[in-house]
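K.L.:
give me the fold of what follows.
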Amino acid sequence: MKNLPYRQIHLDFHTSGDIPEIGVEFDKEEFGEILEKARVNSITCFSRCHHGYLYYDSKKFPERIHPHLKNKNILKEQIEVCHEKGIRVPIYLPVEWDEYTAKEHPEWVIIDENGAPVQKVFDAGFYNAICVNTPYFDFLKEQIKEIIEEFSPVDGLFIDILNIKDCCCKYCISEMRSKGINAEDRAERIKFAQFKLDRFKKEMTEFIREYDSDCDIFYNVDHIGTKHRKAIETFTHLEIESLPSGKWGYMHYPVTIRYAKELGLECIGMTGKFHTAWGDFHSIKNKEALEFECFNMLATNAGCSIGDQLHPRGRLCKNSYELIGDVYREVEKKEPWCIGAEAVTDIAVMATEEYLPYDKKLVMDDLVGATRMLQELGQQFSIIDSLSDFSKYKLIIMPDNIVVNSELKEKIDNYIKNGGKIIASYKSGLDKESNKFELDSLGVRFISEAEYSPDFIVPEGKIGEGLYNMEYTMYMKGLKVENTLIGQPLSYANNPYFNRTWEHFCSHLHTPSSGERAYPAIVGTESSIYFSHPIFSQYEANAPKWCKILVSNAIKMLIGDSIVVSNLPSTALINLNEQKKENRFILHVLHYIAQRKGSTIDIIEDKIPLYNSEFSLALNKDIKGIKLVPNNTELKWKLEDGRVKFAVEKIEGHQMIEIEY
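P.N.:
Numbers count the residues shown, from 1 in each chain. This is a model prediction of the structure:
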């Protein structure tokens, strides 16, 4: 496996045909010098943009060259100067979004179920989605072939915009009919759309390999998830587009990277230098935010990519690259403790998107809630699917909506027989029809949906440690269950007087508890703890601390103390990695706090130092020494009760701690 560059730029160049003098100020030497000074070692540059225009002197498609492109060799010169400086240059082209193609070939545009093209004539933006099941595929192959012939050797191809959209064009309808697919059923059309994109990737990769046996290949969509597994062999690596100040937010990346790493390919994280998102010209991100976003990529074993957009006149913004350079110089210093590292985890969370129909959300609420909760608790965890190796983990969490079929039941039963533990919540463990728990090991029997909502729980014993002896509101409706012989109720749900309706309601929000005990809310067995409420979706919705404490107690009851125990606040992120070749662990600690300063955007503006941070790690290795890196400051440490313990006087922003064995 080749090590991808860790300091990348993704240089957008979507440029309107109504703008004159494209590239007129492009200076080859200045371009290279700015990138070199900013310590960039890879930059993705454009062959074709969403407007459909080309930025090189195409012999096959001269009509597509941008009508006002002053320097038809701009892409060629970008590649030449970067290669002179040892900077890699993958080449960009889009798939579904191409304004020129959509206007010239409206018969290739995706058709909705009403027979209308998927386009918005009077909206500003790229809404003309093109179907890859049309002759457009032939054009894409010819353009890629020209790129490889013109710019060989090609470092890589970044092939963008492959969204799952159901299509009713004549090509798709004809093929669905031939395959016996009910095209009237949208769910079936969605499945066909996924099949169509997977086939596209496989056929395109095979085509590329006829002309280039070595270039990197990446197919981009705005989320990498369980649907990628079927076609993962068509990728050479993964790039996680996740601009926190855009639609993705600050929770998309930590969810996505933890699953993407399960797919076995190198990963690159991608943020942007923009204050908001793509196309935000003449804006710049706060340095603290860009630091956090890049350092968090390092902490989760990914390289860094920063999105930028070249001005139509062809000059990079020097101030933007001063900012990028400030961050990338720090990344460069940290790289030796990051390259080849692997996460050390003992908990896995199952990705709910594998079990739910196609959804327009990038990530599901219960998975986000579980990730947020575990990050705040300092737990070391991965995100997996049903094909992952369960044996690597002490505990598997099934958040809210994990449907269990016969294959998954057998796999989980074997996992539990071999000592594995399970936390499940709400509908996780039910069969597809949601009327029977397939996992006997959970110790619960399904009765019905809960009759009342909200209802209330009174945690008792170990599951309630750290909580008052009082009723706690569970805002989202749960399931009515009863424990089987092997299940022990750890907490019961109490009913309200009545559900809130227009006919009878109390006060402003919800009806208080009647004190009437209803049914078990938390059930435990030797190998599992089950929550009858959607506790992880609830945490994503409004973050009741009692939900987090209940889950934390459940984890401790099942597998004991975490790999990493600390006195850090919940705002700190803790990631433990291992570089096996170097015989060392690397503990990453990040403390940057995102604030909702605007109604649509989270902002990181300050670094809040942490003082006198204490750590206790269970590592099962003979430790030789501990130091802060990259400045190589030795730390005092001791072994106690099988755990290595040490303290750090001050952590500001991001700190890596090397633990040599």
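K.L.:
find the nearest non-adjacent residue to F437, please.
P.N.:
Spatially, and ignoring its direct neighbours in sequence, F437 is nearest to G429 (4.9 Å; Cβ to Cβ, 6 or more residues apart in numbering). All C-beta spots, glycine's among them, are computed from the backbone N, C-alpha and C.
K.L.:
pretty sure the one you found sits against I397.
P.N.:
No. Using Cβ atoms under 8 Å, G429 makes no contact with I397, being 12.0 Å away.
K.L.:
so those two - more neighbours on which side?
P.N.:
For G429 versus I397, neighbours defined as other Cβ atoms under 10 Å are more numerous around I397 (30 against 26).
K.L.:
what residues are up against the closest residue to S406 other than its chain neighbours?
P.N.:
Leaving aside its sequence neighbours, S406 sits nearest to E438 (Cβ to Cβ, 6+ apart; 7.9 Å). The contact partners of E438, taken as Cβ atoms under 8 Å, 6 or more residues apart in numbering, are V404, N405, S406, L408, K409, G429, L430, D431.
K.L.:
same question for D98.
P.N.:
D98 neighbours (Cβ under 8 Å, 6+ apart): R48, H50, H51, G52, N128, I130.
K.L.:
domains of this protein?
P.N.:
The record's domain split for the chain, according to automatic domain parsing, is 7-95+132-162+219-339, 345-559, 564-660.
K.L.:
I figured K394 hits D346, correct?
P.N.:
Yes. The criterion here is Cβ under 8 Å, and K394 meets it with D346 at 4.5 Å.
K.L.:
identify the contacts common to these two.
P.N.:
I559.
K.L.:
torsion angles phi and psi at W637?
P.N.:
Dihedral pair for W637: phi -150, psi 170, per degrees, to the nearest 10.
K.L.:
related to what we said a few turns ago, quick one: which of the domains of the chain is nearest K179?
P.N.:
domain 7-95+132-162+219-339 (12.3 Å; Cβ to Cβ).
K.L.:
please compute how far that closest one lies from its chain's middle.
P.N.:
18 Å (Cα atoms, centre = their mean, to the nearest Å).
K.L.:
repeat for stretch 505-525
P.N.:
The answer for stretch 505-525 is 35 Å, by Cα atoms, centre = their mean.
K.L.:
dump the contacts of E438 into CSV; add secondary structure, pLDDT and distance to F531 as well.
P.N.:
Converted to CSV, the contacts of E438 look like this (DSSP: H, G, I helix; E, B strand; the rest coil; pLDDT from 0 to 100; distance: Cβ to Cβ, whole Å):
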residue, secondary structure, pLDDT, distance to F531
V404, coil, 95, 16
N405, coil, 93, 22
S406, helix, 94, 24
L408, helix, 97, 19
K409, helix, 97, 20
G429, coil, 96, 11
L430, strand, 95, 13
D431, coil, 93, 19
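K.L.:
and those, which is closest to N220?
P.N.:
For those, with N220 as the reference and Cβ to Cβ as the criterion, the closest is L408, at 30.0 Å.
K.L.:
wait, the closest one sits on S386?
P.N.:
Yes. Between L408 and S386 a contact is recorded at 5.3 Å, counting by Cβ under 8 Å.
K.L.:
show me the shaky parts of the protein.
P.N.:
Low-confidence segments of the chain, defined by pLDDT under 70: 1, 358-360.
K.L.:
would you tell me which strand is longest in it?
P.N.:
Secondary structure of the chain read by DSSP state E shows that its longest strand is strand 513-524.
K.L.:
helices or strands up against it?
P.N.:
For strand 513-524, the elements it packs on are strand 444-449, strand 455-457, strand 479-483, strand 488-496, strand 528-531, helix 545-559, judged by 3 or more Cβ pairs under 8 Å, 6 or more residues apart in numbering; DSSP states H and E.
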